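Colleague: The sequence and its predicted three-dimensional model are supplied below.
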Amino acid sequence: MTLVVVLAEPPREGLAMPRLAETSPLSPAEAADCYAAMLADAVFAADQSGGDVLVNYRDDDDLADEFVDPDESAAEAVRAVVEDAAEDPDDVRFEVQVGSTRDGRVGNTVTHLLREEGENSVLVLDGNAPLVGRKDVDSAAMKLRTSDVVVGPATDGRVWTAAFCQPIDFDGAFATPAVETLVDRAKDADLDVDFLPSYRTVEAGSDLADVVSLIRARAKAGRIVPKFTTEFVRDHGLHVVEGEDGPELVRD
């Protein structure tokens, strides 16, 4: 059984999705709420899959003072999202991220779980890929039966997931383009690599515009949509129009 690790930040204004607030009609507070919705969809997909779920979150000790809320700890903020998304939140495991960089945090988590806790395979799922579903997580677990590393590509050379049966050298492993760098590190370790379908990860307004268009199209067609992100899109009246420089995300 693959352990699904969902990477999470407390959904706080200015901390979560700062580029999204700068490049979209959303305010910093709304961008944080958007992240909370996407994170909830990631937790839901992981929870509905065949694997166990570990939410690996950034603690207050790892955050700048301006992002620390004296009335709600980082753990409480992340748990509030999980409470809404998981069928049984008590089944979800929580651990604090360790490391000063993304490479370090992912590497420390994956290596510890594989080498120290005896996990057979670990899938790391970002909390900003709302279109990923249960079947994608389960597909990764299936591919890990025959491959040592499985990568889910995203746009601009990013990845929405990376899954491992064996650790790699994680120092700089997510350097741009992450999808290529991760494969390089896997091949350096003489590991087999397989791939999953590509999904958009949301960092900037153009990313969210693509997600909004697809969510609205799928909803009109009566197809499955990510529950929490769809609710956010509807509540904030987000849609895409033709702008001066191409597709533009706007709100009612």
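Modeller: Looks like it arrived, so ask away.

Colleague: partners of the host helix or strand of residue 160, with directions?
Modeller: Using DSSP states H and E, residue 160 sits in strand 159-164. When pairing is defined by DSSP bridges, strand 159-164 lines up against strand 122-125 (antiparallel), strand 149-153 (antiparallel).

Colleague: possible to save those as a markdown table with distance to residue 106, mean pLDDT and mean neighbour count?
Modeller: Every C-beta, even on glycine, is put in place using the N, C-alpha and C of the backbone. Below are the strands paired with strand 159-164 laid out as a markdown table (distance: least, Cβ to Cβ, whole Å; pLDDT from 0 to 100; neighbours: other Cβ atoms under 10 Å):
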| stretch | distance to residue 106 | mean pLDDT | mean neighbour count |
| --- | --- | --- | --- |
| strand 122-125 | 6 | 98 | 25 |
| strand 149-153 | 13 | 98 | 25 |
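
Colleague: okay if I get those strands as JSON lines plus distance to residue 185?
Modeller: Shown next, in JSON lines, are those (distance: least, Cβ to Cβ, whole Å):
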{"stretch": "strand 122-125", "distance to residue 185": "14"}
{"stretch": "strand 149-153", "distance to residue 185": "9"}
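
Colleague: so how far is residue 91 from the nearest residue to residue 129 once chain neighbours are set aside?
Modeller: Leaving aside its sequence neighbours, residue 129 sits nearest to residue 160 (Cβ to Cβ, 6 or more residues apart in numbering; 3.8 Å). Note on residue 160: its distance to residue 91, by Cβ to Cβ, to the nearest Å, is 23 Å.

Colleague: Of those two, which one has the most company?
Modeller: When residue 160 and residue 91 are compared for neighbours, residue 160 comes out ahead with 27 against 10, by other Cβ atoms under 10 Å.

Colleague: Which stretches in the protein count as helices?
Modeller: With DSSP state H as the criterion, the chain has helices at 18-22, 28-48, 74-85, 102-111, 134-143, 178-188, 205-220, 227-235.

Colleague: Which among those is found nearest to residue 7?
Modeller: helix 102-111 (7.4 Å; Cβ to Cβ).

Colleague: Tell me how far the closest one lies from the chain's centre.
Modeller: Computed by Cα atoms, centre = their mean, to the nearest Å, the chain-centroid distance of helix 102-111 equals 15 Å.

Colleague: Output the contacting helices and strands for it.
Modeller: Applying 3 or more Cβ pairs under 8 Å, 6 or more residues apart in numbering; DSSP states H and E, one finds that helix 102-111 makes contact with strand 3-8, strand 122-125.

Colleague: quick revisit: please name whichever of the strands paired with strand 159-164 is nearest to residue 249.
Modeller: strand 149-153 (22.8 Å).

Colleague: Compute the inter-axis angle for that closest one and helix 178-188.
Modeller: Between the axes of strand 149-153 and helix 178-188, defined by axes from the mean of the first three to the mean of the last three Cα atoms, to 10 degrees, the angle is 170 degrees.
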